[in-house]
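Participant: give me coordinates for this.
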Amino acid sequence: MGQVSIILIAGLIFLFSFDEGMLAMLESPNRSSLWVGLALALLPGGLAYLWGRWLSRRTEEVTARRFFLIRRSFLAFELMLLGGFGLTVYLLKLPLAIDDLLRFIPIPYTRKLFAILPLLAGMLLIRAAQYEVERRIRTSEWRRREYLSVNAKFLILPVFPLLAYMIVNDLIDRCPLQVRLFFIDNPYLYWLVLVLLIVALYIKAPQILQGIWRATPLRDPHLREMLVDLARQTGVTFKEIMVWHTGGARIANAGVAGLLPWSRKIFLTDCLLENFHPEEIRTIVAHELGHIKHRHMWIYMGFSLTYFLAAILYYAYLAPIWKDLLGEGPVIDALSTLIFFYLYFVLIFRYLSRRLEHQADIYSVEVTGDPISFKVSLLKLAELNYMPKVMRRIFELTLTHPSVEKRIEMVDRFLIGDPKALELRKMLPEVKLAIFITSIALGVLLNFGGPAFESEADLHYMRGVEFHREKMWDKALKEMDKTISIDPTYKEAYLLRGMIYYEEGSPEKALEDFERLRDMVSEKKVRQNLQRLIDEVKGEIKAKSG
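Facilitator: Have a look, this model is predicted:
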């Protein structure tokens, strides 16, 4: 029915890995990058649209497996779009151009998110191309506007917690000096804010899903009573059974959302209710109850939160190895982050997700005692949603659900008493291993995590920036001196210290720092602008002495 786009998340990683710091003051923002960014977004989208139109005009019958491969082919255009966006960010400095254009908006952290708009526009163009294919092959009555609206909501889903986080940063940025210094001295608080936002996201998941697709309570009294009775027998509690109104989309699916029993909801699409017998619906809902019984939502949330713990340790202990091997720079940092994210959320998380789906399948068969209806429902779901029943291993590696063939095979293994299938009735070994590794990682962080959040040089530099904002020159200089003594290659510290010297009337000292900085930077445009600054300071010193 839609899914969070890994391409968009990769774009966000590229965007927020770009950080010129104080050196951005020496850049000359080029607004032409806005037009280039838009062109690079429109080009892959336009090519994808032509590809989709060509595919939609072909008359031969398309199998479910071929349809799956056609949908996967659009990934090539998404990768092309991501590559173009990365070039616009790092080579053409798109974030600087956006910041310069929107400088009148007094929220510096939040306005950075506007730079993601070209990527979003390109993604929607590619979705428009997919619409043409789906409408022709699936004979869908889904209207283009509705299709793009639903896909846009799924696309921007990962932006919302980030937007909230940026707003919190802007609020902190407007607080008194002592509050800002408190957050700098306790950088874990920023991670705590992210954790709270993600927990809120999981708690409010039912409302979010209802916002993406209109849903109303299940009205069929007989079916409702049968499903509520099933939940009562299994000891599972939830607030409501909702019907997703997919209209012309004709999508058969079910889901469960919500951590807490009093807000948790089970969702069934209208297409599922129209095409499945009550006994089949009962086994599908039992599968969703299995997710609740085995606390899968808590596992998903725990896995999401553990990402931040893993990321802290990764940046503290493993990322420096990448820098030693490949060099430093924002592009290397972004690629390193992207690889780590892909390993964690695509390969590892989706492997775990497939195991949890098998566990929910076994629960359904066990509590309903109706494996036939459950297997029939799996086959019907694949047929109605035009999904292949058999899938190559390489494709399955990146999916959250096993193929129908694998799911039926696991059910059959459970029915004959296969030990590997029977262990799915208990906590998975992978979950136990994840808990153990998380405990070890947390212990490492608590005992050796001093530099894991921010380096000591970074902390002194950020304190100096805040003192500089308040025109507290002496305190700002002390912090810059400490920063440079810890890390003599800290470019931003030389720039800021030079600015402070200049502002307090010591151009000779400012000149020394500017000249040191010029010898350290390699980017041509930055060196040119820095040389102009040096020439101006020299001229002022000469005029002053003459």
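Participant: please enumerate the helices of the stretch 251-400 of the chain.
Facilitator: 270-275, 278-293, 296-313, 319-326, 330-341, 349-368, 371-384, 393-396 (DSSP state H, counting those that start in this stretch).
Participant: ranking the ones you listed by mean pLDDT, which is last?
Facilitator: Across the helices of the stretch 251-400 of the chain, helix 319-326 has the smallest mean pLDDT, namely a mean of 73.
Participant: got the contact list for A10?
Facilitator: A10 makes contact with L82, L338, F341, according to CB atoms under 8 Å, 6 or more residues apart in numbering. Where C-beta positions appear, they are placed from N, C-alpha and C, glycine not excepted.
Participant: pretty sure the last one is touching I7, no?
Facilitator: No - taking CB atoms under 8 Å as the definition, F341 is not a contact partner of I7, at 11.8 Å.
Participant: show me where pLDDT drops low in the stretch 401-546 of the chain?
Facilitator: By pLDDT under 70, the weakly predicted segments of the stretch 401-546 of the chain are 446, 448-454, 546.
Participant: so where is the stretch 1-150 of the chain shaky, pLDDT-wise?
Facilitator: Applying pLDDT under 70 to the stretch 1-150 of the chain flags residues 1-4, 20-31, 58-61, 139-140.
Participant: sorry, back to before: in JSON lines, list the helices of the stretch 251-400 of the chain along with mean neighbour count.
Facilitator: Below are the helices of the stretch 251-400 of the chain laid out as JSON lines (neighbours: other CB atoms under 10 Å):
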{"stretch": "helix 270-275", "mean neighbour count": "18"}
{"stretch": "helix 278-293", "mean neighbour count": "22"}
{"stretch": "helix 296-313", "mean neighbour count": "18"}
{"stretch": "helix 319-326", "mean neighbour count": "12"}
{"stretch": "helix 330-341", "mean neighbour count": "18"}
{"stretch": "helix 349-368", "mean neighbour count": "20"}
{"stretch": "helix 371-384", "mean neighbour count": "19"}
{"stretch": "helix 393-396", "mean neighbour count": "12"}
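Participant: I'd like to know which of those helices is closest to I70.
Facilitator: helix 393-396 (12.9 Å; CB to CB).
Participant: after that closest one, which helix or strand is next?
Facilitator: helix 404-415 (DSSP states H and E).
Participant: counting by contacts, list what the helix or strand following that following helix packs against.
Facilitator: Beyond helix 404-415 on the C-terminal side, the first helix or strand identified by DSSP H and E is helix 419-422. Judged by 3 or more CB pairs under 8 Å, 6 or more residues apart in numbering; DSSP states H and E, helix 419-422 is in contact with helix 404-415.
Participant: residues of the helix it packs on that come out buried?
Facilitator: The neighbour-count check on helix 404-415 (16 or more other CB atoms under 10 Å) flags V404, K406, R407, I408, M410, V411, R413, F414 as buried.
Participant: tabulate these (a markdown table), appending distance to F14.
Facilitator: As requested, the buried residues of helix 404-415 are exported to a markdown table (distance: CB to CB, whole Å):
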| residue | distance to F14 |
| --- | --- |
| V404 | 36 |
| K406 | 35 |
| R407 | 36 |
| I408 | 41 |
| M410 | 38 |
| V411 | 42 |
| R413 | 43 |
| F414 | 44 |
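Participant: what kind of secondary structure is P106 in?
Facilitator: State at P106, reduced to three classes by DSSP: H, G, I helix; E, B strand; the rest coil: coil.
Participant: so which of the contacts of A10 is the closest to L305?
Facilitator: F341 (14.8 Å).
Participant: got a list of what the closest residue to the closest one other than its chain neighbours touches?
Facilitator: Leaving out its chain neighbours, the residue that sits closest to F341 by CB to CB, 6 or more residues apart in numbering is I13, at 6.4 Å. Neighbouring residues of I13 by CB under 8 Å, 6+ apart: A334, T337, L338, F341.
Participant: dump these to CSV, plus distance to A64.
Facilitator: Shown next, in CSV, are the contacts of I13 (distance: CB to CB, whole Å):
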residue, distance to A64
A334, 37
T337, 36
L338, 31
F341, 30
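Participant: circling back to that earlier point, in what helix or strand does the residue nearest to F341 lie?
Facilitator: Judged by DSSP H and E, I13 forms part of helix 6-17.
Participant: C-alpha coordinates for that helix, CSV please?
Facilitator: Extracted in CSV, the C-alpha atoms of helix 6-17 (Å, rounded to 0.1, in the frame of the first residue of the first chain):
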residue,chain,number,x,y,z
ILE,A,6,14.9,4.5,1.4
ILE,A,7,15.9,6.8,-1.4
LEU,A,8,14.3,9.8,0.4
ILE,A,9,16.0,8.8,3.6
ALA,A,10,19.3,8.6,1.7
GLY,A,11,18.7,12.1,0.4
LEU,A,12,18.1,13.3,4.0
ILE,A,13,21.4,11.7,5.0
PHE,A,14,23.2,13.5,2.2
LEU,A,15,21.5,16.8,3.1
PHE,A,16,22.4,16.7,6.8
SER,A,17,25.9,15.3,6.3
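Participant: which neighbouring elements make contact with the helix or strand following that helix?
Facilitator: Downstream of helix 6-17, the next assigned helix or strand under DSSP H and E is helix 32-57. With contacts taken as 3+ CB pairs under 8 Å, 6+ apart, helix 32-57 sits against helix 64-90, helix 94-101, helix 117-137.
Participant: buried stuff in the first one?
Facilitator: Buried positions in helix 64-90, judged by neighbour count with 16+ other CB under 10 Å: 64-65, 67-68, 70, 74, 77-78, 80-82, 84-90.
Participant: now do the second one
Facilitator: In terms of neighbour count (16+ other CB under 10 Å), helix 94-101 has its buried residues at L94, P95, L96, A97, I98, D99, D100.
Participant: ok, back up a step: now the helix holding I13 against helix 94-101, angle please.
Facilitator: Inter-element angle recorded for helix 6-17 and helix 94-101: 70 degrees (by axes from the mean of the first three to the mean of the last three CA atoms, to 10 degrees).
Participant: settle this for me: D333 is touching F16, isn't it.
Facilitator: No - in this structure, D333 is not within contact of F16 by CB under 8 Å, at 10.2 Å.
Participant: list phi and psi for the spatially closest residue to R65 that is not a sequence neighbour.
Facilitator: Nearest non-adjacent residue to R65, counting by CB to CB, 6+ apart: P388, 4.0 Å away. For P388, the backbone dihedrals (degrees, to the nearest 10) come out as phi -70, psi 140.
Participant: residues in contact with P388?
Facilitator: P388 neighbours (CB under 8 Å, 6+ apart): T63, A64, R65, F68, A382, S403.
Participant: how about the nearest residue to the last one, chain neighbours excluded?
Facilitator: Leaving aside its chain neighbours, S403 sits nearest to M391 (3.9 Å; criterion: CB to CB, 6+ apart).
Participant: hang on, the earlier thing: let's have the helices and strands packed on helix 32-57 in TSV, adding distance to V179.
Facilitator: Listed next are the helices and strands packed on helix 32-57 as TSV, based on distance: least, CB to CB, whole Å:
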stretch	distance to V179
helix 64-90	31
helix 94-101	24
helix 117-137	32
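Participant: of the ones you listed, which approaches R53 most closely?
Facilitator: helix 117-137 (5.7 Å).
Participant: for the closest one, output the C-alpha coordinates as PDB.
Facilitator: Taking Å, rounded to 0.1, in the frame of the first residue of the first chain, the C-alpha atoms of helix 117-137 are listed here in PDB:
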ATOM      1  CA  LEU A 117      12.000  19.600  -2.100                       C
ATOM      2  CA  PRO A 118      13.800  18.900  -5.500                       C
ATOM      3  CA  LEU A 119      14.200  15.200  -4.400                       C
ATOM      4  CA  LEU A 120      10.600  15.000  -3.300                       C
ATOM      5  CA  ALA A 121       9.400  16.500  -6.600                       C
ATOM      6  CA  GLY A 122      11.500  13.900  -8.600                       C
ATOM      7  CA  MET A 123      10.200  11.100  -6.500                       C
ATOM      8  CA  LEU A 124       6.600  12.100  -7.100                       C
ATOM      9  CA  LEU A 125       7.300  12.300 -10.900                       C
ATOM     10  CA  ILE A 126       8.500   8.700 -10.700                       C
ATOM     11  CA  ARG A 127       5.400   7.700  -8.800                       C
ATOM     12  CA  ALA A 128       3.300   9.300 -11.500                       C
ATOM     13  CA  ALA A 129       5.100   7.100 -14.000                       C
ATOM     14  CA  GLN A 130       4.400   4.000 -11.900                       C
ATOM     15  CA  TYR A 131       0.700   5.000 -11.800                       C
ATOM     16  CA  GLU A 132       0.400   4.700 -15.500                       C
ATOM     17  CA  VAL A 133       1.800   1.100 -15.400                       C
ATOM     18  CA  GLU A 134      -0.400   0.000 -12.400                       C
ATOM     19  CA  ARG A 135      -3.500   1.400 -13.900                       C
ATOM     20  CA  ARG A 136      -3.000  -0.500 -17.200                       C
ATOM     21  CA  ILE A 137      -1.700  -3.800 -15.800                       C
END
